[in-house]
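J.: fold the following, please.
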Amino acid sequence: MYNIFEDEDDIFMGSPKSKFLDVVFNANRGVAEFELERIMERMAILEMMLNIEDVEAFEKTISQYAWENKDAIETKVKSLYIESMGNVLTQCE
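T.: Okay, the predicted model is just below:
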């Protein structure tokens, strides 16, 4: 099956991750910093919303969830790379 998101099959010669890194490393530093800060802030908000008290149990839960949902997580990660790359590119224009 054809998978446009993989390096060897992608007509643009790169995965969403590799293209995101290309964009971030070559974009205006301020724009790239803003996007990375936005990502970190969202992670902090999500963790705070979960109100985590037992960090060790939380890490175990994350590992188990990641194992059980590997394909869905991989798809979501690719989507987030594309979204963030778009954010950087639109701000650099």
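J.: remind me, longest helix of this structure?
T.: If you go by DSSP state H, the chain has its longest helix at helix 70-92.
J.: can you name every helix or strand that that helix contacts?
T.: Contacts defined by 3 or more CB pairs under 8 Å, 6 or more residues apart in numbering; DSSP states H and E place helix 70-92 against helix 16-26, helix 29-49. Glycine gets a C-beta too; all of them are placed from N, C-alpha and C.
J.: most packed of those helices?
T.: helix 16-26 (a mean of 16; mean count of other CB atoms under 10 Å).
J.: contacting residues around that helix?
T.: The contact list for helix 16-26 (CB atoms under 8 Å, 6 or more residues apart in numbering) reads 5, 7, 12, 14, 32, 35-36, 77-79, 81-82, 84-85, 88-89.
J.: the helices and strands packed on helix 70-92: which one's closest to residue 70?
T.: Proximity to residue 70, assessed across the helices and strands packed on helix 70-92 by CB to CB, is greatest for helix 16-26 (15.6 Å).
J.: picking that back up, please convert the helices and strands packed on helix 70-92 to JSON lines, extending it with mean pLDDT.
T.: Shown next, in JSON lines, are those (pLDDT from 0 to 100):
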{"stretch": "helix 16-26", "mean pLDDT": "93"}
{"stretch": "helix 29-49", "mean pLDDT": "93"}
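J.: now the ones you listed in JSON lines, with distance to residue 68?
T.: Supplementary listing: the helices and strands packed on helix 70-92 in JSON lines, determined by distance: least, CB to CB, whole Å:
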{"stretch": "helix 16-26", "distance to residue 68": "22"}
{"stretch": "helix 29-49", "distance to residue 68": "19"}
